[in-house]
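[1] Everything below, folded, please.
(one chain, ligands or ions: 1)
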Amino acid sequence: MLYKEPAPIKDRENPFESMMSRFNIAAEILGLDEEVYNVLKTPTRQVIVNVPVTMDDGKVRVFEGYRVIHSTILGPSKGGVRFAPDVFLDEVKALAAWMTWKCAVVDIPYGGAKGGVICDPFSMSAGEMERLTRAYTQALVDTFGPDQDIPAPDMGTGPREMAWLMDEYSRMKGSTIHAVVTGKPLVLGGSLGRVEATGRGVMVSAMAAMDKLGMDPAKSTAVIQGFGNVGAWAAKLMSERGVKILGVSDVSGAYWNDNGIDIEEAIEYKNNNKGRLEGYENAEKISNDELLVSKVDVLVPAAVEDVITIKNVDQIQARLIVEGANGPTSYKADNIINEKGIMVVPDILANSGGVTVSYFEWVQNRMGFKWTLDRVNERAERIMNESFERVYAASQKYNVPMRIAAYIVAIDKVAMTYKYRGGF
Ligand code: GLU
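    Alright, predicted model coming up:
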């Protein structure tokens, strides 16, 4: 009998509900008309695939995968592919919608999509990962396309998987098509600056917000929850701007140092330790829960959804939350955050540096020309700062928190484009 990965246990809050509740508030403030509301509230297309993969032991396992296209109003849909044991369809739907809003907030010509495969990348060999990535690509060859739907890395995937995806797609089409996917290795048409782009954008957003709040980075402290690609780069770049990073965490727990964590050293430790901080010694071990409510100025959740919830929001002490992850705050926690006067730079703004540089990668692929790192960073920083100001201005105009302001900016842009296009 074929072995199939068990369906994930859904004891978490529903990220799609979290997305919709903010969407509804912004839609009401904007007076969004019913036609547009109905178009935007459900994804355009949801594809579920079941792909058989031969494992190293010779047995064939069937993996369930998804690709959800939320919207193509602004252009071809864009969004990462998540490989995780607990990924589920409602999560992928929320992540796809967040991509629509994210691309609209930073004003790049993409719609939103997201992919997912239920699997455990940490327990799979490179060969198994390659066969799975290629099988997933084959199953979705008619969905993907440089003018149609452009995947990218997300949790559990990186440049290596994007190379396989590009290669498999190109083989099936009979020619090399770089622009079908972003986040590729540099030698395969990747862009300089893409790997660190999300973390860099988090840093730029944090600096912009601190400026508005009159906080001096050199006199401020922060904790970073999640030390993967986004968290580690955000920590490094924020510490280079003078912010003292008192704690960092990953699935192995949280690590605290009153004098500040030496981020370069922690990254090196992690890189030599299979990507984990487990056993990191130059810090006191605390729990992830303690880290989130610790006494710091800035909290950067940079891992998964729903870590700031009604269970811990009361105890949060930070003045500023910069969301490196997608959906780290459950909608039920929003009101208390607002009552406490905490400023939140929401996910669809704070972590949009990644998709912005993905867009640059796609542009370079289509031009057949490579930009310098300085050009990439300068343009990404300009877009992030302009987007921050746009959202900040909307928050003042409508007298709403930054999160609702970001949704207002995004929905307004998508709705206006829909009107010009005359629907479908
Ligand atoms: N997965 C990233 C995100 O959630 C990047 C998506 C992309 O570059 O298309 O924003």
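
[2] Next up, the contacts around residue 110.
    Residues near residue 110 by CB atoms under 8 Å, 6 or more residues apart in numbering: 74, 75, 76, 77, 78, 99, 103, 150, 355, 359. In short, each C-beta sits where N, CA and C put it, glycine included.

[3] how much space between whichever residue of the stretch 101-250 of the chain sits closest to the ligand and residue 102?
    Scanning the stretch 101-250 of the chain for the residue nearest the ligand gives residue 152, at 3.3 Å (criterion: CB to the nearest ligand atom). Going from residue 152 to residue 102 by CB to CB, to the nearest Å gives 12 Å.

[4] Look at these two and report which has more neighbours.
    Neighbours of residue 152 and residue 102, each counted by other CB atoms under 10 Å, are more numerous for residue 102; the result is 29 against 26.

[5] Identify each buried residue in the helix or strand hosting that one, please.
    Assigned by DSSP states H and E, residue 102 belongs to helix 89-105. Buried residues in helix 89-105, counted by 16 or more other CB atoms under 10 Å: 89, 91-105.

[6] Let me know the closest of those to residue 372.
    Closest approach to residue 372 among those (CB to CB): residue 103, at 24.3 Å.

[7] Any buried residues in stretch 82-89, and which?
    82, 83, 84, 87, 88, 89.

[8] my bad, stretch 317-333
    Neighbour counts using 16+ other CB under 10 Å place 318-333 of stretch 317-333 among the buried residues.

[9] Kindly report the same for stretch 200-216.
    Buried, per 16+ other CB under 10 Å, within stretch 200-216: 200, 201, 202, 203, 204, 205, 206, 207, 208, 209, 210, 215.

[10] Setting the sequence-adjacent residues aside, check what's closest to the fourth one.
    Beyond its immediate neighbours in the sequence, the residue positioned closest to residue 203 (CB to CB, 6 or more residues apart in numbering) is residue 237, lying 3.9 Å away.

[11] The one you found touches residue 199, doesn't it?
    Yes: contact between residue 237 and residue 199 holds when scored by CB atoms under 8 Å: they sit 6.1 Å apart.

[12] So the two - more neighbours on which side?
    Shown here are residue 237 and residue 199; by other CB under 10 Å, residue 199 has more neighbours (27 against 20).

[13] my guess is that one meets residue 230, correct?
    Yes: taking contacts as CB under 8 Å, residue 199 lies within contact range of residue 230: 5.2 Å.

[14] Now the common contact residues for the two.
    302, 324.

[15] quick one: residue 83 from residue 165, how far?
    The gap separating residue 83 from residue 165 is 12 Å, by CB to CB.

[16] and what of residue 105?
    Residue 105 is 26 Å from residue 165, by CB to CB.

[17] Pull the number of nearby residues for residue 383.
    22.

[18] list the contacts for it?
    106, 107, 108, 356.

[19] rerun that using 6 Å as the cut-off
    Listed by CB atoms under 6 Å, 6 or more residues apart in numbering, the contact set of residue 383 reads 106, 356.

[20] ok, the helix or strand harbouring it near the ligand or not?
    Using DSSP H and E, the element containing residue 383 is helix 373-398. No: applying CB under 6 Å from any ligand atom, one finds helix 373-398 separated from the ligand by no less than 11.9 Å.

[21] ok, and for that helix, which residues are buried?
    376-377, 379-381, 383-384, 387-388, 390-392, 394-395.

[22] if we can go back for a sec, widest-spaced pair of the buried residues of stretch 317-333?
    319 and 326 (22.5 Å).

[23] hey, what's the nearest residue to residue 285 once chain neighbours are set aside bridged with?
    In space, and not counting its chain neighbours, residue 285 is closest to residue 253: 5.7 Å by CB to CB, 6+ apart. Judged by DSSP bridges, the bridge partners of residue 253 are residue 250.

[24] Residue 343 too?
    Residue 343 forms beta bridges with residue 320, as assigned by DSSP bridges.

[25] Number the chain from 5, please
    Got it, the first residue is 5 from now on, which makes the last one we talked about residue 347.

[26] Quick check: the gap between it and the ligand.
    Plainly put, residue 347 is 21 Å away from the ligand if you go by CB to the nearest ligand atom, to the nearest Å.

[27] How many neighbouring residues does that residue have?
    So residue 347, with other CB under 10 Å, has 21 neighbours.

[28] Give the rounded mean pLDDT of stretch 297-311.
    Regarding stretch 297-311, the rounded mean pLDDT is 96.

[29] What of stretch 199-219?
    For stretch 199-219, the per-residue pLDDT averages 98.

[30] Ok, stretch 236-255 next?
    For stretch 236-255, the mean confidence score works out to 97.

[31] distance between the ends of it?
    Stretch 236-255 has an end-to-end distance of 14 Å (CA to CA, to the nearest Å).

[32] And the contacts of that stretch?
    Contacts with stretch 236-255, where a contact means CB under 6 Å, 6+ apart, come from 200, 203-204, 206-207, 221-222, 224-229, 231, 258-260, 264-265, 267, 271, 281, 292, 295, 300, 304, 306, 328.
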